[in-house]
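> I would like to see how this sequence folds:
(one chain, ligands or ions: 1)
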Amino acid sequence: MQCDVCGTKTITRVSLVYGPYREFAFACAGCGIEIRLGVNVIAPSEEEIKTWSARYGLPEEAVPPHAEYPKLLNATWIRGGPNDPTWLEEDQSIQNVEILDDEFLVSVPKERKALLFLQAVDQMGLGAKDFQKMDRIRRGTAAEVWPELERLILHHDREQWDLFDKQFQRIFQTAPPEDTDKKSFALDLGLENYGLLFCKDDSGQRTVRDHLERAWQKSPDQMWVLVDYFRSQGRDRAIESQINAIRDEWSKLFSALAALYTTHYWDASKYQLEKFTLAQKRFEDLKGLYVDCFETFCRIAVIAAGVEGIISLGRPIIPKAKGEMTLAEFDVFRNGSKPDVLRRLGPPISDLFVPYMDHKLRNGIGHNSARYDVVSDQVHYVLENERGRKSYQIPYIRFCYKLFELYPQLEVVALYVNWLRRFTEEVE
Ligand SMILES: [Zn+2]
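Sure, this is the predicted structure:
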């Protein structure tokens, strides 16, 4: 491609993995302007696979996917574009190469000829194989299983039980339970397992279950008070639909963050996140997802605090520095101050919430002046208060890592919400 501003030519090498739309960006080597390209990878039809395989005498798995590039900003494809065979001749004379591979982390400064796979083996050792296997599973699940689960939720909520049963069979390859309560339970279990796939382990889920059980043992009556509060004004349904909208966004944007799972495998004392970046640059899409995750996460914290109130004080109330707060008061309490209250609950519950609530970042990127800067590969944002305006920068990968931690944690605390629903339905 050729830069529209200065004419510098660049070769892009894009990894062609199947899945939702992806978007890459880099600074033009000549003038620094942001060049951005969107890619759709299209799976060939069965007929195309057969024809190709017969023509080249190669196995069917070797068929290369098609790519289409619906977006190209500040540059123009040279001649027929990347699918034009004549571009190979250009290859010899073009100096700038951008490796746009989102399977692995990209080292900074970028090594143009780096083989990212070898780098990944170096980082993860034998874990690299496991990473690749899980990467395929996670990407496939986000892209293909989530839309199917979403349909199952729809049939469940509309009580279309015939359709629910068909869809359940289709997803889980097993017959659905007979009665309605058990169907709801099976759906929750499916959603919990879906969420767990993005978590490091199930320790958070075990903590939530344990504390719900303890509160129930302590006082079933007071648990009803908590349930009633969340049933009133459709609060439980509202949080639930927020979580599902977030899951939907996550499934579409997952490939932009997937390479961060490398950090689950590497020795954290040897590698520093800031020495790497991600090939996809999706700040505009990810910032909304971060804000939505944050807001919903804070609302669920109110349930958790109520549960802890029952365990320690015998009532769903929240202790503060002086006196106590009701659920309703804590619900409307400033999100910026919620971590202080939650910290007082002590571990393990405070650990489920407080480390993930970066209120400053949430406010900064929620402001319409927040932007991504391609040259520094940073997110720039401004915070305003009584004392004035202050500018902040955060490396793009660090911002992505915040979301990469927040969403799985939302899946952990979503168990509280599932529990409310289950309770609700037993009443009806
Ligand atoms: Zn340029």
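
> helix or strand for the most centrally placed residue in the chain, which one?
By CA atoms, centre = their mean, the chain has its centre lying nearest to residue 250, at 4.2 Å. Residue 250 is located in helix 235-253, with elements delineated by DSSP states H and E.

> Quickly run through the sheet partners of the following helix or strand past that helix, with directions.
Sequence-wise, the next helix or strand beyond helix 235-253 is strand 276-277, with elements assigned using DSSP H and E. Sheet neighbours of strand 276-277, with direction, are listed as strand 106-107 (antiparallel) (DSSP bridges).

> contacts for the partner strand?
99, 114, 116, 119, 275, 276, 277, 278, 279 (CB atoms under 8 Å, 6 or more residues apart in numbering). Glycine gets a C-beta too; all of them are placed from N, C-alpha and C.

> Any of the residues you listed buried? List them.
Restricting the contacts of strand 106-107 to buried positions leaves 99, 116, 119, 276, 277, 278, 279, with burial counted as 16 or more other CB atoms under 10 Å.

> Grab the nearest non-local neighbour of residue 344.
In space, not counting the residues next to it along the chain, residue 344 is nearest to residue 319; the distance is 6.3 Å by CB to CB, 6 or more residues apart in numbering.

> related to what we said a few turns ago, confirm for me that the residue nearest to the centre of the chain is in contact with residue 142.
Yes - under the criterion of CB atoms under 8 Å, residue 250 lies in contact with residue 142, with a separation of 6.9 Å.

> Kindly export stretch 174-189 (C-alpha atoms) in PDB.
Provided in PDB are the C-alpha atoms of stretch 174-189 (Å, rounded to 0.1, in the frame of the first residue of the first chain):
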ATOM      1  CA  THR A 174     -27.400 -33.600  24.900                       C
ATOM      2  CA  ALA A 175     -31.100 -33.600  25.700                       C
ATOM      3  CA  PRO A 176     -32.300 -30.600  27.800                       C
ATOM      4  CA  PRO A 177     -33.800 -31.200  31.300                       C
ATOM      5  CA  GLU A 178     -37.600 -31.700  31.500                       C
ATOM      6  CA  ASP A 179     -38.900 -29.000  33.900                       C
ATOM      7  CA  THR A 180     -38.500 -25.300  33.500                       C
ATOM      8  CA  ASP A 181     -36.500 -24.700  36.700                       C
ATOM      9  CA  LYS A 182     -33.900 -27.200  35.600                       C
ATOM     10  CA  LYS A 183     -33.800 -25.600  32.100                       C
ATOM     11  CA  SER A 184     -32.900 -22.300  33.800                       C
ATOM     12  CA  PHE A 185     -30.300 -24.000  35.900                       C
ATOM     13  CA  ALA A 186     -28.800 -25.700  32.900                       C
ATOM     14  CA  LEU A 187     -28.700 -22.300  31.000                       C
ATOM     15  CA  ASP A 188     -26.900 -20.700  34.000                       C
ATOM     16  CA  LEU A 189     -24.400 -23.500  34.100                       C
END
